[in-house]
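Peer 1: no sequence on this one, just coordinates:
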């Protein structure tokens, strides 16, 4: 969720030439799909080595994490990442697109972007007096 929300913020700040409030619903859904795909790619990359190790351990009965990591090696832990990126990126993008699409069809408002709590602003010295 955090990756998706940060990506949405970055797309509106750096790519889309107008504020989100001025974008049409279809433009917002395109941003949702793109941010969902990027978030999916991020998740695929982060989780891939661990998933590869778990798959190895399931195939090689009795193998521990260290055994699996040693047998696979660094390069082996990243094998198959390309197809995983395509699969997870697309699935994640579609999930976010469907979620936001339903909200658009039901005319549910999209919450405003999160803002830093006042207490944290004060703690970090960012509060405006």
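Peer 2: Yep, that arrived. None of the values given here were measured: they were computed from a predicted structure. Numbers count the residues shown, from 1 in each chain.

Peer 1: so where do the helices sit in the protein?
Peer 2: 2-14, 25-59, 65-77, 81-105, 118-124 (DSSP state H).

Peer 1: Just want the most central residue of this structure.
Peer 2: residue 39 (2.1 Å; Cα atoms, centre = their mean).

Peer 1: in this structure, which helix or strand is least confident?
Peer 2: Ranking every helix and strand in the chain by mean pLDDT, DSSP states H and E puts helix 118-124 at the bottom, with a mean of 84.

Peer 1: elements contacting it?
Peer 2: If contacts are counted by 3 or more Cβ pairs under 8 Å, 6 or more residues apart in numbering; DSSP states H and E, helix 118-124 sits against no helix or strand. In this view, the C-beta of every residue, glycine as well, is placed from N, C-alpha and C.

Peer 1: Show residues contacting that helix.
Peer 2: For helix 118-124, the external contacting residues (Cβ atoms under 8 Å, 6 or more residues apart in numbering) are residue 127.

Peer 1: Buried residues in that helix, which are they?
Peer 2: Buried residues in helix 118-124, defined by neighbour count with 16 or more other Cβ atoms under 10 Å: none.

Peer 1: now it: how far from the chain's centre is it?
Peer 2: 27 Å (Cα atoms, centre = their mean, to the nearest Å).
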